[in-house]
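Participant: Predicted structure and sequence below. I'll ask about it afterward.
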Amino acid sequence: MKGFRHWKWHLDEMYVKIGGEMHYLWRAVDQEGEVLESYVTKTRDKVAALAFIKKALKRHGNAGTINTDGLRSYGAAMDELGNREKQEIGRWANNRVENSHLPFRRRERAMARFRQMKTLQKFASVHASLHNHFASERHLLDRQTYKLHRSAALAEWQSLAA
């Protein structure tokens with residue numbers, strides 16, 4: 001994955017309440033909608049944004065462009081990393097990552113919320129990898145190919161779970 005320099009990343013943060021206290025789940029999504037990185041913090045400032053972006057860059061290499069919302073913490077973190085020219089800020093440019101929050105929120109409601117920050121971090125990373133594994137872009141595939149991909153994913157999952 002480190003070889004794809006032309007990739008477009010979408011970064012966003014979402015709030016999650018744990019015991020009545022706000023925590024922030026930072027997420028990075030690529031141009032295809034796959035979750036690259038999830039990171040939980042108690043704050044939504046430059047330090048948290050910098051730690052998240054460094055973690056994503058270390059694991060996945062550099063991106064061609066990075067779409068963010070208007071949060072100024074992203075700009076400050078990008079300045080410190082020297083990636084400010086790669087950052088794009090647009091009103092609807094970050095819809096890819098905003099829509100990727102929806103399956104997470106559905107699952108969170110079904111679980112009746114979280115009780116610890118550590119549990120949230122574990123769940124976010126596991127949920128992302130499972131969602132990436134099983135969620136293929138149905139609208140781009142014909143039925144036969146979709147069923148083939150789905151059965152291959154299920155067979156791989158069953159071999160891992162056994």
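Facilitator: Okay, I see it.

Participant: pLDDT on stretch 147-155, on average?
Facilitator: The average pLDDT within stretch 147-155 is 80.

Participant: Give me the neighbour count for the closest residue in space to Gln121 that isn't next to it in sequence.
Facilitator: Using C-beta to C-beta, 6 or more residues apart in numbering and skipping the chain neighbours, the partner closest in space to Gln121 is Val40 (4.5 Å). Yep, even glycine has a C-beta here, placed from its N, CA and C like the rest. A count of neighbours around Val40, defined by other C-beta atoms under 10 Å, yields 23.

Participant: for Val40, what are its contacts?
Facilitator: Contacts for Val40 (C-beta atoms under 8 Å, 6 or more residues apart in numbering) come out as Val16, His23, Tyr24, Leu25, Trp26, Met117, Leu120, Gln121, Ala124.

Participant: and the last one, what pLDDT?
Facilitator: pLDDT, Ala124: 80.

Participant: Spatially nearest residue to it (excluding sequence neighbours)?
Facilitator: Using C-beta to C-beta, 6+ apart, the nearest residue to Ala124 is Ser38, at 3.9 Å.

Participant: Am I right that Met22 falls within a strand?
Facilitator: Yes. According to DSSP: H, G, I helix; E, B strand; the rest coil, the state of Met22 is that of a strand.

Participant: which residues touch the closest residue to it other than its chain neighbours?
Facilitator: Computed as C-beta to C-beta, 6+ apart, the closest residue to Met22 that is not its neighbour in sequence is Tyr15, at 5.3 Å. Counting by C-beta under 8 Å, 6+ apart, Tyr15 makes contact with Met22, His23, Tyr24, Leu25.

Participant: Would you mind checking which of the residues you listed is nearest to Ser73?
Facilitator: Using C-beta to C-beta, Tyr24 comes nearest to Ser73 of the contacts of Tyr15, at 10.2 Å.

Participant: picking that back up, next up, phi/psi of the residue nearest to Gln121, please.
Facilitator: As for Val40, its main-chain torsions (degrees, to the nearest 10) stand at phi -110, psi 130.

Participant: what's across from it in the sheet?
Facilitator: Listed by DSSP bridges, the beta-bridge partners for Val40 are Leu25.

Participant: Looking at it now. What's its pLDDT?
Facilitator: Reading off the model, Val40 has pLDDT 92.

Participant: how close does it sit to Gly90?
Facilitator: Per C-beta to C-beta, to the nearest Å, Val40 is found 26 Å from Gly90.

Participant: just to revisit the earlier point, hang on, the residue nearest to Met22 is in a strand, isn't it?
Facilitator: Yes. Applying three-state DSSP, one finds Tyr15 inside a strand.
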